[in-house]
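Trainee: Model the structure of this input:
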Amino acid sequence: MGSTENTDLVVSTLRQIIRVIDLQSKKLVKSYGLTGPQLLVLKEIKKNKNQQISVIAKNVSLSQATVTSILDRLEQQNFAKRVRSLDDKRKVNIVLTDKSYEVLKENPSLLQEEFTSKLEQLEEWERNMILSNLQRLASMMNANEINSPPVLVSGSIDATSNVVNAYLKD
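Mentor: Predicted coordinates:
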């Protein structure tokens, strides 16, 4: 196999990965009216009720600003509501609505959950090799300075970093 054929296969495989992430995201929106990050936040709220937004953000590896924006949209779509704490009026609790519980009852999965499960079944040396190759690939694409949370979705997660904005200006 020649160099050009290998290069074409690498690019083609990258396109397959991008495409499957995009299709999964579109399926989630079409089926449930939720994006991947929105579903991730809903699952986190269900798992640990009465968390502060900063804790939710930390647990889902997104910025607090991004989670706040996601919560704004979840509230607009009637998936969640903010309620002042009765104990401490300075605190706001996020409460899931019946609409959220109906969706979560169906247990929609995120692509990353399926991927993570399969990745964890690999031997440690295989996971290390994949990580090393992906890091090298990111470096070759000048993507190593882009802060990217571990969420497999296509499109914007909101609150993009200054690095991404600078990258797009070039």
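
Trainee: how does this protein divide into domains?
Mentor: In terms of domains, the chain is parsed into 33-107, 109-154 (source: automatic domain parsing).

Trainee: these two touch, right, residue 75 and residue 82?
Mentor: Yes. At 6.5 Å, residue 75 counts as touching residue 82 under the criterion of CB atoms under 8 Å. The way it works is simple: take the backbone N, C-alpha and C, and place the C-beta from them, glycine included.

Trainee: Buried residues, the helix ranked longest in the chain. List them.
Mentor: Among the elements of the chain assigned as helix by DSSP state H, the one spanning the most residues is helix 3-32. Judged by neighbour count (16 or more other CB atoms under 10 Å), helix 3-32 contains these buried residues: 21, 24, 25, 28, 32.

Trainee: what's the distance between that helix and the middle of its chain?
Mentor: With CA atoms, centre = their mean, to the nearest Å as the basis, the distance from the averaged C-alpha position of helix 3-32 to the chain average is 16 Å.

Trainee: What mean pLDDT does that helix get?
Mentor: In this model, helix 3-32 has an average pLDDT of 86.

Trainee: Which other helices and strands does that helix contact?
Mentor: In terms of contacts (3 or more CB pairs under 8 Å, 6 or more residues apart in numbering; DSSP states H and E), helix 3-32 is packed against helix 36-47, helix 111-120.

Trainee: for the domains of the chain, which one sits closest to residue 10?
Mentor: Nearest of those to residue 10, taken as CB to CB: domain 109-154 at 8.1 Å.
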